[in-house]
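Asker: I'd like to go over a predicted model; first the sequence, then the structure.
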Amino acid sequence: MTGTRHLVDPELLDLLDQWPQVTLTDELLPLVRAPGRLPLGEIVNPERVEKREVLVPGRDGAPDVPLTIYRPADRAGEVLPCLYHIHGGGYVGGAAASMEPLHRPLAEALGCVLASVDYRLAPETPFPGPLEDCYAGLGWLHANADELGIDSARIGVRGESAGGGLAAALALLARDRGEYPLAFQQLIYPMIDDRTCTGEPHPNAGEFIWNAGSNAFGWRCYLGAEPGGAEVSPYAAAARAEDLTGLPPAFVSTGTLDLFVDEDIAYAGRLIRAGVATELHVYPGAFHGFNVHPTAGVSLRSNRDAENWLKRHLHP
């Protein structure tokens, strides 16, 4: 599918021109994992936000899970809410360290502790390993909330792309296991439905950044099998869940040109029907990853919407 450039918000075209257009394969996987691939800017406030790196025990004998924890330096001694962040990368790439230029100002702006999890990546570690890493990190935050100065009743999760898929799955898993409650889930263009790989292609979405071929590769690596099969767990692909009742409040955002636009809108609609307080945003002319643009109006709007929602749910 080609020919949708005329639908792109003009302010985003320079980002599109900077971003390599590739379909992910085994041979190109090192490119996705290369540090500094995303233009996320420089670290601007090291003296105002404290950083701590810890290793927390994995579940059931799995390797330790790295967490990076940020806290506003001027909030020492206070009990703060916590944003638990899960990075994106198609289930096969990404790293918490690459998000530091965004994490530091976000922790400061939100007045919260921000904990970022470095889960293991597929294909080396397929489902359920990455999700169990995220669950182990959540459990550790709850168990150590007093020492960390965290209000355990106000721990919520956010993720982008595959991180959004893991965040949605973590909300399901936390609900069903009943051990570690989540206060909210913020899903930014989440990758939540493997069946997108096997359904009819969208005529106007998915040409840029993350295309259908890359999506099939990411899901194949994560599932350890071909996507679209009958036995895919809802904890692997949250859109597969039949029962969405009892989940925490949700924020879902996506772009009209994002490959995930249909699955994201559908999931938000099902959350609403299940009685989950849900806010949905669909941004015109926006492709996957558009919100990293530093000046485009649609990017600034989307980030402002997400930040305002987080403030309301972290500080109710």
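Answerer: Perfect, thanks for sending it. Residues are numbered from 1 along each chain as shown.
Asker: going forward, measure contacts between C-alpha atoms and count neighbours the same way
Answerer: Will do.
Asker: helices or strands up against the one helix or strand residue 266 maps to?
Answerer: Assessed by DSSP states H and E, residue 266 sits inside helix 261-273. Under the contact criterion of 3 or more Cα pairs under 8 Å, 6 or more residues apart in numbering; DSSP states H and E, helix 261-273 touches strand 250-255, strand 278-283.
Asker: tell me how far the last one is from the chain's mean position?
Answerer: Taking Cα atoms, centre = their mean, to the nearest Å, one finds strand 278-283 lying 15 Å from the centre of the chain it belongs to.
Asker: same thing with the first one?
Answerer: Taking Cα atoms, centre = their mean, one finds the center of strand 250-255 at 11 Å from the center of the full chain.
Asker: thought residue 156 was touching residue 184?
Answerer: Yes. With contact defined as Cα atoms under 8 Å, residue 156 reaches residue 184; the gap is 4.7 Å.
Asker: check the helices and strands packed on helix 261-273 for me and report the most buried one.
Answerer: Highest mean neighbour count of the helices and strands packed on helix 261-273: strand 250-255, a mean of 24 (counted as mean count of other Cα atoms under 10 Å).
Asker: using CSV, write out every CA atom in it.
Answerer: This file holds the C-alpha atoms of strand 250-255, laid out as CSV (Å, rounded to 0.1, in the frame of the first residue of the first chain):
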residue,chain,number,x,y,z
ALA,A,250,-8.0,3.9,30.1
PHE,A,251,-6.6,6.5,27.7
VAL,A,252,-6.1,5.4,24.1
SER,A,253,-4.6,7.5,21.3
THR,A,254,-3.6,6.8,17.8
GLY,A,255,-3.3,8.5,14.4
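Asker: which stretches in the stretch 151-300 of the chain count as helices?
Answerer: For the stretch 151-300 of the chain, the helices defined by DSSP state H, counting those that start in this stretch occupy 162-177, 212-223, 261-273, 297-314.
Asker: if we can go back for a sec, quick one: contacts of the helix holding residue 266?
Answerer: Contacts to helix 261-273, defined as Cα atoms under 8 Å, 6 or more residues apart in numbering, come from residues 189-193, 196, 205, 239, 244-245, 250, 252-255, 277-280, 282.
Asker: now it: buried residues?
Answerer: Under the neighbour-count criterion of 16 or more other Cα atoms under 10 Å, helix 261-273 has 261, 262, 263, 264, 265, 267, 268, 270, 271, 272 buried.
Asker: same thing with stretch 302-316?
Answerer: Across stretch 302-316, burial judged by 16+ other Cα under 10 Å covers 302, 306, 310, 313, 314.
Asker: so what pLDDT did the second one get?
Answerer: Spelled out, it's residue 306. You'll see residue 306 listed with a pLDDT of 98.
Asker: might you list the low-confidence residue ranges for the stretch 1-150 of the chain?
Answerer: Applying pLDDT under 70 to the stretch 1-150 of the chain flags the ranges 1-2, 35-41, 45.
Asker: re earlier: for the helices and strands packed on helix 261-273, give me JSON lines that also has distance to residue 30.
Answerer: Formatted as JSON lines, those follow (distance: least, Cα to Cα, whole Å):
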{"stretch": "strand 250-255", "distance to residue 30": "27"}
{"stretch": "strand 278-283", "distance to residue 30": "31"}
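Asker: mean pLDDT and distance to residue 51 added to these, as a markdown table?
Answerer: Below are those laid out as a markdown table (pLDDT from 0 to 100; distance: least, Cα to Cα, whole Å):
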| stretch | mean pLDDT | distance to residue 51 |
| --- | --- | --- |
| strand 250-255 | 98 | 27 |
| strand 278-283 | 98 | 31 |
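Asker: so which of those strands comes closest to residue 290?
Answerer: Closest of the helices and strands packed on helix 261-273 to residue 290 is strand 250-255, at 8.1 Å (criterion: Cα to Cα).
Asker: now what about the closest one, what contacts it?
Answerer: By Cα under 8 Å, 6+ apart, the residues outside strand 250-255 that reach it are 184-190, 260-261, 264-265, 268, 271, 276-288, 302, 306, 309.
Asker: how far does whichever strand or helix holds residue 31 sit from the chain's center?
Answerer: With elements taken from DSSP H and E, the one containing residue 31 is helix 29-32. Relative to its chain's centre, helix 29-32 lies at 19 Å (Cα atoms, centre = their mean).
Asker: contacts for that helix?
Answerer: With contact meaning Cα under 8 Å, 6+ apart, helix 29-32 is reached by 89, 92, 93, 94.
Asker: which phi and psi does the closest residue to residue 80 other than its chain neighbours have?
Answerer: Among residues not flanking residue 80 along the chain, residue 150 sits closest, at 5.0 Å (Cα to Cα, 6 or more residues apart in numbering). Main-chain torsions, residue 150, degrees, to the nearest 10: phi -110, psi 140.
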